[in-house]
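Undergrad: pasting the sequence and the predicted model now:
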Amino acid sequence: MISHLRRFDVSAVAKERLKILKFYEVYGEKASKEAFGVDRKIIYIWKRRFKRSKGNISSLVPYSTTPKRVRIIQVEPKVSSFLKTLRIDHPGLDKRKIKPILDNFCEGEGLRIYSEAKVGRIIKFYKLFYQKTGRMYHDPASKYAGRTKTKRLRVRYSPKPTDFGYIQMDTVVRLVDGLKNYFYDAIDTKGKFAYLCLTRT
C-alpha cells in the first residue's frame, strides 16, 4: 500500500494539477486560463476532489478512461468455425497466409471479406492458438509464448587445481578514439603466472 501511494505522489500529472490549483488561488481564473488553458469548471472539480481527500495529492491523479462496456467483435459463426478448424490443422499459419484462404471461403459462402488486420483480431479474440511445441504465433498477450525453461548450468565452486597447467582466460574490450582494443588475459591458477596480450582483432 505504501509503494502504491508513493507512486501516486510522484505522478507528474498530479503535481501539475496541484500547481495549477495554487496558481488559481493566487492569480484567479483569467490568468490561469491564459497560462494553462484550463477552464474554471475543471479547476473546481480538481479542487473538490483534493478537498475531499483532505489534501492527498493522489486524488489529483487522472481516473482511468477505459470504457466499462467495450465493443465486442462481430464475426459470422461460419467464419469463426472455419478459422478454428484451419488453425487446429495448421497452427503455424499467420494472418497473412490465412487471408487468401479465408477470402475463397467467404466468396464461396457469400459472406463479406475480412481484412488481414481483422483476421488477426479474430484469432486473438477467440484465442485460436493450438501450437503445442516451439513458437506460439500471433499472441501478443502471451509474453513467454513458446518458451521452455531450461536449467542453467552454473559453476557453484571455483576449481582448485593441485598442479600447474590449469589456465583461466578472459577478454576485455576497450574502445579508444573509435578503435577497439582487445586484451586477452590468461593466468595459471596454481602458479599465479599471468600473461596479457593486446590485439586489434
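TA: Structure's in. What do you need?

Undergrad: count of residues packed around residue 80?
TA: 15 (other Cβ atoms under 10 Å). For every residue, glycine as well, the C-beta is placed using N, CA and C.

Undergrad: host element of it?
TA: Assessed by DSSP states H and E, residue 80 sits inside helix 77-89.

Undergrad: a helix runs through residue 43, doesn't it?
TA: Yes. According to DSSP: H, G, I helix; E, B strand; the rest coil, residue 43 belongs to a helix.

Undergrad: tell me how far it lies from residue 56.
TA: As judged by Cβ to Cβ, to the nearest Å, residue 43 and residue 56 stand 18 Å apart.

Undergrad: quick check: bridge partners of the residue nearest to residue 194 when sequence neighbours are not counted?
TA: Nearest residue to residue 194, sequence neighbours excluded (Cβ to Cβ, 6 or more residues apart in numbering): residue 187, at 4.2 Å. Beta-bridge pairing for residue 187 (DSSP bridges): residue 168, residue 194.

Undergrad: by contact count, what packs against the helix holding residue 80?
TA: The contact analysis (3 or more Cβ pairs under 8 Å, 6 or more residues apart in numbering; DSSP states H and E) places helix 77-89 against helix 95-109, helix 116-125.

Undergrad: ok, which of those comes nearest residue 175?
TA: For the helices and strands packed on helix 77-89, distance to residue 175 was read as Cβ to Cβ. The smallest value, 41.4 Å, belongs to helix 95-109.

Undergrad: how about the strands in the protein?
TA: 167-176, 179-188, 194-199 (DSSP state E).

Undergrad: okay, the ones you listed, which one's buried deepest?
TA: Neighbour counts (mean count of other Cβ atoms under 10 Å) averaged over each of these peak at strand 179-188, with a mean of 13.

Undergrad: next one: that one to chain centre, how far?
TA: How far strand 179-188 lies from its chain's middle: 38 Å, per Cα atoms, centre = their mean, to the nearest Å.

Undergrad: for it, give the mean pLDDT please.
TA: Averaging pLDDT along strand 179-188 yields 91.

Undergrad: contacts for it?
TA: 164-175, 193-201 (Cβ atoms under 8 Å, 6 or more residues apart in numbering).

Undergrad: list the contacts for residue 113?
TA: Going by Cβ under 8 Å, 6+ apart, residue 113 touches 103, 106-107.

Undergrad: which of those residues count as buried?
TA: Buried members of those, counted by 16 or more other Cβ atoms under 10 Å: residue 106.

Undergrad: list the buried residues of the longest helix anywhere in the chain.
TA: Counting by DSSP state H, the longest helix found in the chain is helix 12-36. Buried residues in helix 12-36, counted by 16+ other Cβ under 10 Å: 14, 17-18, 20-21, 23-24, 32, 36.
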